[in-house]
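Q: 3D, please:
(one chain, ligands or ions: 1)
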Amino acid sequence: MYFIDEKELDAIRAVFERKRLFRYQPDEGGECDLFEREFERYLPVPHSLLVTSGTNALIAALKSGGIGPGDEVIIPAYTFVATAAAVAQVGAVPVIANIDETLGISPSDIEAKLSSRTRALLPVHMDGLAADMNAITRLAQSRQLLLIEDVAQAIGGSFQGRKLGTLGDFGCFSLNENKNISCGEGGIVTATSRARYENLFCQHDVSAQYNPVKSRFFVETRPFLGSSMRISEISGAIMRVQLSRLDEILRLLRERKAIYREALAGLRQVRLITGNCSEGDCGSSIHLLCSDPGYAIQAGQALRNAGYLFAPVTTRPAHAAWKWLPLLDKEPAPRGQAPNQMAHFLQSVDVLTRVLRLETDIHKSLAATQTDARSVRHILESL
Ligand SMILES: Cc1ncc(COP(=O)(O)O)c(C=O)c1O
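A: Presented below is the predicted three-dimensional model:
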């Protein structure tokens, strides 16, 4: 959470004063309803729904899109464990495709991993960087696959002028603590079709079809085995304030990343990663892509010794396929052996072992950021 102050407190106080904490009341227009309409206008997208987490957003999207046992869903080798877990939770099989040097899923490796059981593509916009949505959308359309964007780490980011989370059938956002905007815990799912939104609605509220108050949500009710992922008015109220802060947060992040981009241009052994759309990059992470893993270790050490906390992305606890694959492999690998799918994502190991990452600090002044970026350049040049 980058900013939280009296504005959020006032919004929560108003909810308490209305004595209305549960979002579904006979009348519309509570905080969650208002947030969803504001978020739809912000992106823009036809439908959005608040849920309890980003993981549940993914589960809701997969289930609402009809993904289940026997289906394969292609996900990238660099993502948080939740992406893979959500696919497994609906009984489908996560098939891992390599990432490339943009840190996004590689469209050519998606093609290599397609099978007759593939039902969905699930690209992830990691660390605020857009995946290659032109190539991925083309693939999804030509194979009639469901396209779900995992936008957990990139709310407000865009690809060629269109906001992330509006380019596929569903967009799944997380609102937990480490995101561009947050209410502590929560998620949002966007949907481009009305029928899929109605499925989402049943998924997030198990009794939705039985409640006359909610009948207005359905053009036509059909059986759908749902769950319970409703969020309270307190979270909705916080999120309305947080959304009003989003563009300013993105501006501050991008401004600081641009300073690093300029300061580190033209280095021999390092370049900055900006994903598949540098203007749409949220700017929340500064990634150095090094020429080789040995140099990355040396550079990382030198930078950290000087107080610049660039960490190897491979040390992130749950963010690469080899960290979570043992959870998903039905047949655990024999002792001392790599999990079965390991050989399929060596290209990702090659990229990730060369990447150092620093979280952008928007509370640092522009002048201090400039001094840091110059000093980082100096350290890298002196190696
Ligand atoms: C890429 C990605 N997908 C999904 C999630 C799951 O979100 P949540 O923690 O809100 O369940 C996260 C959370 O950090 C994430 O980074």
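Q: Does the biggest helix by length in the chain reach the ligand?
A: Longest helix in the chain, counting residues (DSSP state H): helix 233-263. No - against the ligand, helix 233-263 shows no contacts by CB under 6 Å from any ligand atom, the least distance being 11.9 Å. C-beta: built from backbone N, CA, C; applies to glycine.
Q: Kindly report the same for stretch 44-58.
A: Yes - for stretch 44-58, a contact with the ligand is found by CB under 6 Å from any ligand atom, at 53-55.
Q: Just the endpoints, please. Distance across that stretch?
A: One end of stretch 44-58 to the other measures 20 Å (CA to CA, to the nearest Å).
Q: Could you do stretch 356-369 as well?
A: End to end - CA to CA - stretch 356-369 spans 18 Å.
Q: again, but for stretch 203-221
A: 13 Å.
Q: Could I get the buried residue list for that stretch?
A: 203-205, 208-209, 214 (16 or more other CB atoms under 10 Å).
Q: Residue 175 reaches residue 181, doesn't it?
A: Yes - Residue 175 is within contact range of residue 181, at 6.9 Å (criterion: CB atoms under 8 Å).
Q: related to what we said a few turns ago, quick check, nearest of the residues of stretch 44-58 next to the ligand to the ligand?
A: residue 54 (2.4 Å; CB to the nearest ligand atom).
Q: Could I get the contacting residues of the nearest residue to that closest one once chain neighbours are set aside?
A: Spatial nearest neighbour of residue 54, excluding adjacent residues (CB to CB, 6 or more residues apart in numbering): residue 174 at 2.6 Å. Listed by CB atoms under 8 Å, 6 or more residues apart in numbering, the contact partners of residue 174 are 53-55, 57, 82, 152-153, 186-187.
Q: Residue 174 bridge partners, please.
A: Residue 174 forms beta bridges with residue 187, as assigned by DSSP bridges.
Q: Could you measure from it over to residue 346?
A: 29 Å (CB to CB, to the nearest Å).
Q: Residue 237 too?
A: In terms of CB to CB, residue 237 sits 47 Å off from residue 346.
Q: Report all helices and strands that the longest helix of the chain contacts.
A: If you count contacts as 3 or more CB pairs under 8 Å, 6 or more residues apart in numbering; DSSP states H and E, helix 233-263 packs onto helix 6-18, helix 31-42, strand 47-51, helix 366-381.
Q: I'd like the C-alpha coordinates of the strand or helix carrying residue 286 written as PDB, please.
A: If you go by DSSP states H and E, residue 286 is part of strand 285-290. Listed next in PDB are the C-alpha coordinates belonging to strand 285-290 (Å, rounded to 0.1, in the frame of the first residue of the first chain):
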ATOM      1  CA  SER A 285      10.100  -2.600 -10.500                       C
ATOM      2  CA  ILE A 286      13.500  -1.800 -11.900                       C
ATOM      3  CA  HIS A 287      15.000  -4.900 -13.500                       C
ATOM      4  CA  LEU A 288      18.500  -5.200 -14.600                       C
ATOM      5  CA  LEU A 289      19.000  -7.900 -17.300                       C
ATOM      6  CA  CYS A 290      22.700  -8.900 -17.100                       C
END
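Q: quick one: strands adjacent to it?
A: By DSSP bridges, strand 285-290 pairs with strand 270-272 (antiparallel), strand 355-359 (antiparallel).
Q: So which bits of the stretch 51-200 of the chain are right by the ligand?
A: 53-55, 79-80, 82-83, 124, 150, 152-153, 174, 176, 187.
Q: mind giving me a markdown table with those and columns for secondary structure and pLDDT?
A: Shown next, in a markdown table, are those (DSSP: H, G, I helix; E, B strand; the rest coil; pLDDT from 0 to 100):
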| residue | secondary structure | pLDDT |
| --- | --- | --- |
| 53 | coil | 98 |
| 54 | helix | 98 |
| 55 | helix | 98 |
| 79 | coil | 98 |
| 80 | coil | 98 |
| 82 | helix | 98 |
| 83 | helix | 98 |
| 124 | strand | 98 |
| 150 | strand | 98 |
| 152 | coil | 98 |
| 153 | coil | 98 |
| 174 | strand | 98 |
| 176 | strand | 97 |
| 187 | strand | 98 |
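Q: From the residues you listed, pick the one nearest the ligand.
A: Of those, the one sitting nearest to the ligand (CB to the nearest ligand atom) turns out to be residue 54, at 2.4 Å.
Q: quick one, what contacts that closest one?
A: Neighbours of residue 54 in contact, by CB under 8 Å, 6+ apart: 82, 150, 152, 172-176, 187.
Q: What of residue 124?
A: 75-76, 78-80, 83, 104-105, 131, 149-150, 152-153 are the contacts of residue 124 under CB under 8 Å, 6+ apart.
Q: JSON lines for these, including distance to residue 307 and neighbour count?
A: Below are the contacts of residue 124 laid out as JSON lines (distance: CB to CB, whole Å; neighbours: other CB atoms under 10 Å):
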{"residue": "75", "distance to residue 307": "36", "neighbour count": "27"}
{"residue": "76", "distance to residue 307": "32", "neighbour count": "29"}
{"residue": "78", "distance to residue 307": "27", "neighbour count": "26"}
{"residue": "79", "distance to residue 307": "30", "neighbour count": "26"}
{"residue": "80", "distance to residue 307": "27", "neighbour count": "22"}
{"residue": "83", "distance to residue 307": "33", "neighbour count": "26"}
{"residue": "104", "distance to residue 307": "30", "neighbour count": "26"}
{"residue": "105", "distance to residue 307": "34", "neighbour count": "30"}
{"residue": "131", "distance to residue 307": "33", "neighbour count": "30"}
{"residue": "149", "distance to residue 307": "36", "neighbour count": "28"}
{"residue": "150", "distance to residue 307": "33", "neighbour count": "31"}
{"residue": "152", "distance to residue 307": "29", "neighbour count": "29"}
{"residue": "153", "distance to residue 307": "25", "neighbour count": "25"}
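Q: Out of these, which comes closest to residue 261?
A: residue 104 (18.1 Å; CB to CB).
Q: Just to check, that closest one is in contact with residue 127?
A: No - applying CB under 8 Å, one finds residue 104 not in contact with residue 127, separated by 10.1 Å.
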